[in-house]
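Undergrad: what's the 3D shape of this:
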Amino acid sequence: MLKAGVIGLGYWGPNLLRNLYANNRNVALVMCDSNPVRLEKMKSRYPDISSTSNYKDLINDSDLDALVIATDVSSHYPLAKEALLAGKHVFVEKPFAASIGQAEELVELGRKNGLVTMVGHTFMFSPPVIKAKEIIDSGELGDIHFITSSRVNLGLHQKDVSVIWDLAPHDFSMLFYWMGEEPCSVNAFGHAYVLDGIPDVAFINLAFPSGAIGNVQVSWLSPSKLRRTVIVGSRKMLVYDDTEPIEKIKVYDKGVDVIEPETFGEYQLTYRTGDILSPKLPTGEPLAAEMEEFLTCIETGSIPRSSGEEGLAVVRALELADASLMKAE
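TA: Next up is the predicted model:
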């Protein structure tokens, strides 16, 4: 039986704990939080799960196989490093670490010690995101020209990280997963309107080696919640709207064809408008699939979809975007 510990029972940790608890492997669990109120709340919900307020108890537990870390970004690296040095597999909530150097060290520690490093890029396990990947890889859209993404809402303002580090990891992880490559160029501009020194709106431009380009808009200052991505290919276009209750993906048979000119200096464009199709999507909670993959990779030694290397790629883009934003202000 696998034994796993969950550190951090604030905003997202309880969701991770719930899915581990519900996993059909019957995983032995230990939960940890330094906040006694949070810990007592979770103990009342899961009285059969062991608990502690000291994370060292988990690090020093020789029977513990894996550690799931859902704490503040600044603590991701030190906690994951201690766990890896103690011979434990680690799952770290996004972003993987607070810098490229930290992420690189964690990836190398995992590789050196034969341990799984996995990052909580939950959207990579979401049915519509997986379906979009299948459609792109099938060639149905043709060559990808550009991708635009908007992830905006009113709040929640963070006190320790910019809107880029808070929201852009979702879109970066999806874009890199879809494209199968990292960007060769990242630049951004934005501003801090509410809290001094904490940018709350940003527009990020990316260029990929394949020739595709991307634009990601993230903001904590918007009158409505928007989670919309448009992928434009040479043949068709795809819209992924995560706020849609049913038809989250729509494929548009739309495009423009260039007709060879008959005379010098003449050209014609044909605008094509065809069917709009919304593929059927499987059901299932992405977080459950994510936790299942983590446990499977521990047992089999396989590399998870959202591996430490994928988390490192996202951190690289985040750091480049943040540096560009700071320079532009």
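Undergrad: Isn't F208 up against W178?
TA: No - using CB atoms under 8 Å as the test, F208 is too far from W178 to be in contact (10.3 Å). (Each C-beta comes from the backbone N, C-alpha and C, glycine too.)
Undergrad: Compare those two (neighbour count), which wins?
TA: Taking neighbours as other CB atoms under 10 Å, F208 and W178 compare with W178 leading, 23 against 20.
Undergrad: helices or strands next to whichever strand or helix holds the more buried one in the packing?
TA: Per DSSP states H and E: W178 is located in helix 163-179. Contact here means 3 or more CB pairs under 8 Å, 6 or more residues apart in numbering; DSSP states H and E; on that basis helix 163-179 packs against helix 127-138, strand 144-152, strand 185-191, strand 201-207, strand 213-219, strand 226-233, helix 308-328.
Undergrad: From the structure, what's the count of residues near M124?
TA: Neighbours of M124 (other CB under 10 Å): 24.
Undergrad: let's have the chain start at 41 instead
TA: Right, with 41 as the first residue, what we last looked at is M164.
Undergrad: Model confidence for it, exactly?
TA: On pLDDT, M164 comes in at 97.
Undergrad: next one: A368
TA: pLDDT, A368: 69.
Undergrad: Then P301?
TA: On the pLDDT scale, P301 gets 65.
Undergrad: CSV for the helices and strands packed on helix 203-219, including mean neighbour count and distance to T313?
TA: CSV is the format used below for those (neighbours: other CB atoms under 10 Å; distance: least, CB to CB, whole Å):
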stretch, mean neighbour count, distance to T313
helix 167-178, 17, 19
strand 184-192, 19, 17
strand 225-231, 18, 33
strand 241-247, 21, 29
strand 253-259, 22, 24
strand 266-273, 20, 14
helix 348-368, 21, 35
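Undergrad: for those, which one sits closest to A123?
TA: helix 348-368 (12.5 Å; CB to CB).
Undergrad: quick check: angle from that closest one to helix 203-219?
TA: Per axes from the mean of the first three to the mean of the last three CA atoms, to 10 degrees, the angle that helix 348-368 makes with helix 203-219 is 130 degrees.
Undergrad: residue nearest the centroid of the chain?
TA: H161 (2.9 Å; CA atoms, centre = their mean).
Undergrad: wait, it sits on A353?
TA: No - here H161 lies out of contact with A353, judged by CB under 8 Å, at a distance of 10.2 Å.
Undergrad: Give me the helices and strands touching the helix or strand of the chain with the lowest mean pLDDT, please.
TA: Least confident helix or strand, the chain: strand 308-317 with a mean of 80, by mean pLDDT, DSSP states H and E. In terms of contacts (3+ CB pairs under 8 Å, 6+ apart), strand 308-317 is packed against strand 289-299.
Undergrad: List the buried residues for the strand it packs on?
TA: Going by neighbour count (16 or more other CB atoms under 10 Å), the buried part of strand 289-299 is 289, 291-292, 295.
Undergrad: between those, which is closest to V132?
TA: When those are compared against V132 (criterion: CB to CB), the nearest one is I289, at 28.8 Å.
Undergrad: quick one, what contacts that closest one?
TA: 168, 171-172, 175, 278-280, 318-319, 321 (CB atoms under 8 Å, 6 or more residues apart in numbering).
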